[in-house]
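[1] coordinates only, sequence not included:
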């Protein structure tokens, strides 16, 4: 993508109006935008637990009206403007960027420093907006979501959008979801389960991410956000 294309993409990702127009042109993105009927919005950058959270919520609360996989600032702005209860997922920048690199390379090939730079830049812009508007969101770390998924269920119950549910039931649902993601009918490198090929690719990605100057800025932003007392 050339500089003009990248500028246009970033403009769309920041603008609620332009992102809404995009969703009308491509219905795939409809689930990413909170509407007036949305009860909960759960979102974060790519590879921060969006899919796991979505399937857990669908399994536990099938009638819950929620949006997810926003990934871009425009959707956060929409949620804030409409007063939609929002959980923002966050994962350490090195881990989330490495995971995104493995995912993209498994689908399209070609791990590049340019893409790494783009991922880190997007991470910084996205979570800088979150940090500046923390009063509008509940923050949930990737580690808490995956290790104690009942915390997400408790947040939803606290908001009154679902009934309280036993921790054991939440963890059972989460285990079933994780097993399903691991055993999805995909080539090994595209599954959530570890593989030797993925491990080698991730090692290369980590080394190249660590060489990028933006990682330090992203890490400082992460630590600033998760240090707040109300972060789960």
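    Yep, it's here. The structure displayed is predicted, hence computed values, not measured ones.

[2] Ignoring the adjacent residues along the chain, who's closest to the residue nearest in space to the middle of the chain?
    By CA atoms, centre = their mean, the chain has its centre lying nearest to residue 44, at 2.9 Å. Of all residues not flanking residue 44 in the chain, residue 89 sits nearest, at 3.2 Å (CB to CB, 6 or more residues apart in numbering). Placement of C-beta: from N, CA and C, glycine included.

[3] What are the neighbouring residues in contact with that neighbour?
    Neighbour list for residue 89: 42, 43, 44, 48, 49, 50, 53, 140, 141, 142, 145 [criterion: CB atoms under 8 Å, 6 or more residues apart in numbering].

[4] give me the element residue 41 is part of.
    Using DSSP states H and E, residue 41 maps to strand 40-43.

[5] ok, and what's touching that strand?
    Strand 40-43 is touched from outside by 32, 34, 50, 53-54, 57, 64-71, 75-76, 79, 84-89, 152, 156, 159, 161, with contacts defined as CB under 8 Å, 6+ apart.

[6] Pretty sure the residue nearest to the centre of the chain sits against residue 88.
    Yes. With contact defined as CB atoms under 8 Å, residue 44 counts as touching residue 88 (5.8 Å).

[7] right, and the helix or strand after the longest strand along the chain?
    Of all the segments of type strand in the chain, defined by DSSP state E, the longest one is strand 85-90. Sequence-wise, the next helix or strand downstream of strand 85-90 (DSSP H and E) is helix 93-108.
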